[in-house]
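J.: Next one to model:
(4 chains)
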Protein chains: 2
Amino acid sequence: MDPRFITYLEKTLKEVSIDCVIFGFHEGELKVLLLKWKGTEWWSLPGGRIYLEESADDAVVRILQERTGLKEIFLQQFYTFGGNDRYKNTPSQGLREKLEQLFGDDFYDEKYMKRNVSMGYMALADFEQAVTTPDWYTDECKWWEISAIPELLFDHNEMIERALKALRRQLSYQPIGYNLLPEKFTMPELQRLYETILGKQLDRRNFQKLMLSYDILEKLPEKRTGGAFKSPFLYRFDKEKYDKAMQDEILFSV
Amino acid sequence: MDPRFITYLEKTLKEVSIDCVIFGFHEGELKVLLLKWKGTEWWSLPGGRIYLEESADDAVVRILQERTGLKEIFLQQFYTFGGNDRYKNTPSQGLREKLEQLFGDDFYDEKYMKRNVSMGYMALADFEQAVTTPDWYTDECKWWEISAIPELLFDHNEMIERALKALRRQLSYQPIGYNLLPEKFTMPELQRLYETILGKQLDRRNFQKLMLSYDILEKLPEKRTGGAFKSPFLYRFDKEKYDKAMQDEILFSV
DNA sequence: GCAAAAGTGTTAGCTATACACCCATGT
DNA sequence: ACATGGGTGTATAGCTAACACTTTTGC
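T.: Reported below is the predicted structural model:
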C-alpha cells in the first residue's frame, strides 16, 4: 500500500452514525419520539450505526422497527451532520462522567469515542400503531409535542429544527399524510396536520378544494360520529395515486 | 468499556468520504469538473476525506480549493450515499487490478478498502476564474458538458443526476447565479444559465420581468459590445439583497 | 334551542403566460 | 440594407385568497 495513502487514511475521520427524527401526529399535535438515558433526565433522538452488510437506508428501517415496531414507514434522509464541534455543544453538565458510567471508563478513549459524522433521517409514523421500546442504554421512550421539546443531548435540538424545515419543504412538492394519519380520517384532521406542520392557519374551504384537486383522496360514504357537532365525512388516500404524486413530485402549493 | 458496545462498534461501518459535483457555466453550457485516473480512460468526480480536526464543510472547501483554486464558492450537500453496493456497480472492467496498481497490492484488504458512506456536495464555480489541478492519483482535470458525460467510476453518474436534480429544486426557492456567472453579465446570459439548468426554454420578456421583480439585480449603465447585434445591458447581483433572498428562501417560480 | 363544528360556492385580485413591434449593431 | 438578437408593454387565462350562510349534532 502506498505509504502516502496510509497516512492519509489514518489522518481522516472514520465514524458514521444515524439519528432519526420520528414524527407522529396525535390529538392535533405534531410529536417527536425521544429517548431518556438510563438514570438521567437527559433526552436524545433514537439512533444507531450501520452494520457492514447493510445500506444506510436498511439500517434506518431496522432502527425504526426496534423503536416503534413499525415496518412500513415513510423515511428520508434530510441532512448529514459533519461538524467538528457536535459533541462540544452538549447542554448538560457531567455528560462525560455519565457516559463513562453507562458505557465503561474507557468510553472517551480515542479508539472508540472519536467525533463522527451523523446522517439525519426523518420518519413519519402512525402514532396509533406505534409500540415504542427503549434502547439498551435508555429507560424511557416518549412522544414529545414539538413545541415542548426540552434541551437535548449533543446537537439533537438542531437536528429536529432541520428535520422540521425539511418536512415543511417536503409538503410543497409531495403529498404528506399517508404515514402520519390512520387509514381513515376526516378533512379537518388532515387540515390540522398541515396546519401543525406549517405552523399556520389555513382556510377550511380552500384547503378542501386544493386537496381534492390533487385527486389522491377517496371520499367514503361513512362519517365520523361522536363529536358534539355535525359529523364529518371520512376520507382515505388512494395509495396508487398517492404514490404516483409522490414519485412525480407534483407541486403542492399550500 | 462495555463488551456489548465494543462488539457493536466492530460490527458497524466506519468509513466516510466526500464527493463533489462542481458545476461551471461556459459558452451557454452547464459543465461538471471530472478527473481522469492515471494511465486509464476512467473518469470520476473529485473527492476526498475529512481530516480529524475538520468539519465536513471545511473538508469540501479544502478539496474545492485544491481542484479549482477557488475559495469563495457556493457549496451545499445534496445527498449522502449509504448504499452497500456502491462499488459493485462500477462500469469498468479491471478496476480492482488498476486500483491495486495505483495504490498498492493490498488496497483491497479489509483494513483499508471497506465500502463506505459518501457525502455528496454540489458546488457552483466561476468557470473563468477556476484553475483546475488534478489529484495525485489522476492526471487530467476537465470540464465536461453535462450532456456528454461518459460512464464514470462507481456510482458517480448517479451522483451527478442527483446533484442536478437538487440544483433544479434549489432554483425554485433560492436565487442562483452569483457563483456561476462573472461579476457582470447580461440578462440573456442569466437566462441561458436558467434554461440550461432547467433544461427548457423560457420566454425572454417574462424571464426579465421575473428576475427584476426579485429585486436582487442592479442594472449597470454599461453594455456588452462585440456581438453582431444590439448591445445588451450589463447587470450585477446586489450581493446584500441576494444573500437576503438566499437566507429567506423566497419562492422563485421559474 | 343553542353552541360548536362541518358542508358548500362565488368573487376579486393577482400572477403566469402568451404574444409583436421597434431598435441597435456588425457585416 | 439586412440579419441577428435585444429592449420593451399589454391582454388573457388560470389560480390563489378572501369571504358567509346553512346544516348537523350533542347537550
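J.: show me where chain A has helices.
T.: With DSSP state H as the criterion, chain A has helices at A:3-10, A:56-68, A:95-103, A:156-171, A:187-198, A:204-213, A:239-248.
J.: Next, the buried residues of the fifth one.
T.: Buried residues in helix A:187-198, defined by neighbour count with 16 or more other CB atoms under 10 Å in any protein chain shown: A:Met187, A:Pro188, A:Glu189, A:Leu190, A:Gln191, A:Arg192, A:Leu193, A:Tyr194, A:Glu195, A:Thr196, A:Ile197. Glycine gets a C-beta too; all of them are placed from N, C-alpha and C.
J.: my read: the fourth one touches A:Pro182, true?
T.: No: under the criterion of CB atoms under 8 Å, A:Leu190 lies out of contact with A:Pro182, with a separation of 11.2 Å.
J.: Show me the shaky parts of chain A.
T.: Low-confidence segments of chain A (pLDDT under 70): A:1-2, A:4-5, A:87-94, A:106-114.
J.: Domains in it, by residue range?
T.: A:3-171, A:185-248 (automatic domain parsing).
J.: out of these, deepest packed?
T.: Neighbour counts (mean count of other CB atoms under 10 Å in any protein chain shown) averaged over each of these peak at domain A:3-171, with a mean of 18.
J.: Wondering if that one reaches DNA strand D at all.
T.: No: between domain A:3-171 and DNA strand D, judged by CB under 7 Å from any atom of the strand, nothing touches; the nearest distance is 13.4 Å.
J.: chain center to that domain, what's the gap?
T.: The chain centre lies 10 Å from the centre of domain A:3-171; the measure is CA atoms, centre = their mean, to the nearest Å.
J.: and the gap between A:Met246 and A:Glu240?
T.: Taking CB to CB, to the nearest Å as the measure, A:Met246 falls 11 Å from A:Glu240.
J.: typed the wrong thing, it's A:Phe127
T.: 25 Å.
J.: swap in A:Phe103?
T.: Taking CB to CB, one finds A:Phe103 at 47 Å from A:Glu240.
J.: again with A:Arg49
T.: 36 Å.
J.: cool, and A:Ser231?
T.: Per CB to CB, A:Ser231 is found 28 Å from A:Glu240.
J.: Ok, which of the domains of chain A comes nearest chain B?
T.: Of all these, it is domain A:3-171 that lies closest to chain B, at 2.4 Å by CB to the nearest CB.
J.: Quote the end-to-end distance of the closest one.
T.: End-to-end distance for domain A:3-171, by CA to CA, to the nearest Å: 50 Å.
J.: Listing partners with orientation, what would you give for the longest strand anywhere in chain A?
T.: Using DSSP state E to define each element, chain A has its longest strand at strand A:16-26. The strands beside strand A:16-26 in its sheet (DSSP bridges) come out as strand A:29-37 (antiparallel), strand A:47-48 (antiparallel), strand A:117-124 (parallel).
J.: now it against helix A:156-171, angle please.
T.: Angle, strand A:16-26 to helix A:156-171, by axes from the mean of the first three to the mean of the last three CA atoms, to 10 degrees: 60 degrees.
J.: contacts for stretch A:202-212?
T.: If you take CB atoms under 8 Å, 6 or more residues apart in numbering or on different chains as the criterion, stretch A:202-212 is touched by A:Met187, A:Pro188, A:Leu190, A:Gln191, A:Tyr194, A:Glu195, A:Leu217, A:Ser253, A:Val254.
J.: distance of the third one from A:Tyr178?
T.: Going back to what we said before, that points to A:Leu190. Separation of A:Leu190 from A:Tyr178 (CB to CB) stands at 11 Å.
J.: what do you get for the first one?
T.: As defined by CB to CB, A:Met187 lies at a distance of 15 Å from A:Tyr178.
J.: and A:Leu30, what is it in contact with?
T.: Listed by CB under 8 Å, 6+ apart, the contact set of A:Leu30 reads A:Phe23, A:Gly24, A:Glu145, A:Ile146, A:Leu193, A:Thr196, A:Ile197.
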